[in-house]
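Peer 1: here are the coordinates; sequence isn't available:
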């Protein structure tokens, strides 16, 4: 887990392992296998002696559980570990990247990025497909299922993924795996996305808000000192994701944390949002709102240049179209006011602005930064970084991969991998 889908990370911060006392109390099965696998994957232990020291378990206990994982092909033992002093160097332990495959679907309003990754978080396959979430869950999930199955077959990824992670562009009950009244996703409210995809692909499915996945991916690609991290995506809508100083996603009590697109902004009382309220920042300053404003106010635009969404607007901004640059700069001031408020609420170490418009030009980021540093108090901004994403459009796939791999290495997940391996060996 030293790399995150091609991006170097100084600290992969795997999910916390059990305490020594906890391991001794649960000296069987999944908890011990999980802890050993995560110690190996994180680089904190690369020999049997390291595992004994890190866990506090007897050498015979470590050997018994480790040999089970080696026999199942989850862990490999080859090469040697360089150690100072004399004596025979120990064999090096490593997580076998081929022991499982994690599938990720980072779904946007009009497209989805699909990826397969091995347990070392190396890309196995990636592709982007066009879709329209407004067509409803059945049509969208049919398309996702078809393409994921195709990618699995083309990559010869065994008998299917060990985990599937799906990011959706709206509020999500992550525990139930269902969207909750998503404003830009008609027909999706309460639909059992997680259960449906689990039944189709035969693996545990995790469903979350897409910006949460982007925030997690971004945080894991940066030094630990860059957290707490607030990720803000400006696209068809506006959303946020927060990663705590400990490297964990903050979802709130019901998973609604970070749903900043529906913060009300002053001076927009005549603007109706897709959520039914008035004056939401998403209705005023999202890429969709910017594109609509440009269509209304710039009558000189040729028909083929009239933007319909984020991709079209980003193209005009890259081309330096004066009207497009103007609406982006004006929207950035509104967004900056909301971000300044969030700085006081969350006090993050780093704020990341993502999405196609942010990637197309520095204008959006520069204007937001100017408002934040002018409006927020010095204590909250004196060491604040406000930047574009280091992962760009891959942030959601990276975050989804992290979630999937951490599940595979959890007590439940590692048990599934070992059971699948045993079934394969006996067949």
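Peer 2: Okay, I see it. All values reported here derive from a predicted model rather than from experimental measurement.
Peer 1: tell me which residues touch residue 314, please.
Peer 2: By CB atoms under 8 Å, 6 or more residues apart in numbering, the contact set of residue 314 is 287, 356-357, 359-360. C-beta here means a position set from N, CA and C on the backbone, and glycine is covered the same way.
Peer 1: widest-spaced pair of the residues you listed?
Peer 2: 287 and 359 (11.4 Å; CB to CB).
Peer 1: between the contacts of residue 314, which sits nearest residue 391?
Peer 2: Using CB to CB, residue 359 is the member of the contacts of residue 314 that lies nearest residue 391, at 10.9 Å.
Peer 1: how near is the nearest residue to that closest one once chain neighbours are set aside to residue 333?
Peer 2: Nearest non-adjacent residue to residue 359, counting by CB to CB, 6 or more residues apart in numbering: residue 392, 6.1 Å away. The gap separating residue 392 from residue 333 is 24 Å, by CB to CB, to the nearest Å.
Peer 1: okay, now the unreliable bits of the stretch 1-150 of the chain?
Peer 2: 1-29, 83-87 (pLDDT under 70).
Peer 1: where do the helices sit along it?
Peer 2: 20-25, 29-42, 48-55, 59-71, 137-154 (DSSP state H, counting those that start in this stretch).
Peer 1: please apply the same query to the stretch 251-400 of the chain.
Peer 2: Using DSSP H, counting those that start in this stretch, helices in the stretch 251-400 of the chain cover 281-285, 287-297, 310-318, 322-346, 356-360, 363-375, 378-381, 395-408.
Peer 1: got those helices as JSON lines, with distance to residue 95 and mean pLDDT columns?
Peer 2: As requested, the helices of the stretch 251-400 of the chain are exported to JSON lines (distance: least, CB to CB, whole Å; pLDDT from 0 to 100):
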{"stretch": "helix 281-285", "distance to residue 95": "41", "mean pLDDT": "94"}
{"stretch": "helix 287-297", "distance to residue 95": "40", "mean pLDDT": "91"}
{"stretch": "helix 310-318", "distance to residue 95": "38", "mean pLDDT": "91"}
{"stretch": "helix 322-346", "distance to residue 95": "34", "mean pLDDT": "94"}
{"stretch": "helix 356-360", "distance to residue 95": "33", "mean pLDDT": "91"}
{"stretch": "helix 363-375", "distance to residue 95": "38", "mean pLDDT": "95"}
{"stretch": "helix 378-381", "distance to residue 95": "40", "mean pLDDT": "94"}
{"stretch": "helix 395-408", "distance to residue 95": "9", "mean pLDDT": "95"}
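Peer 1: now the ones you listed as TSV including distance to residue 270?
Peer 2: What follows is the helices of the stretch 251-400 of the chain, written out as TSV (distance: least, CB to CB, whole Å):
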stretch	distance to residue 270
helix 281-285	10
helix 287-297	13
helix 310-318	22
helix 322-346	15
helix 356-360	24
helix 363-375	23
helix 378-381	32
helix 395-408	34
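Peer 1: do you know which of those helices lies nearest residue 128?
Peer 2: Minimum separation from residue 128 across the helices of the stretch 251-400 of the chain (CB to CB) falls at helix 395-408, 10.0 Å.
Peer 1: who does the closest one touch, helix- and strand-wise?
Peer 2: Using 3 or more CB pairs under 8 Å, 6 or more residues apart in numbering; DSSP states H and E, the elements in contact with helix 395-408 are strand 3-4, strand 101-107, strand 111-118, strand 163-168, strand 204-209, helix 210-220, helix 411-426.
Peer 1: let's have those in JSON lines, adding mean neighbour count.
Peer 2: Conversion of the helices and strands packed on helix 395-408 to JSON lines gives the following (neighbours: other CB atoms under 10 Å):
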{"stretch": "strand 3-4", "mean neighbour count": "20"}
{"stretch": "strand 101-107", "mean neighbour count": "28"}
{"stretch": "strand 111-118", "mean neighbour count": "22"}
{"stretch": "strand 163-168", "mean neighbour count": "27"}
{"stretch": "strand 204-209", "mean neighbour count": "24"}
{"stretch": "helix 210-220", "mean neighbour count": "30"}
{"stretch": "helix 411-426", "mean neighbour count": "16"}
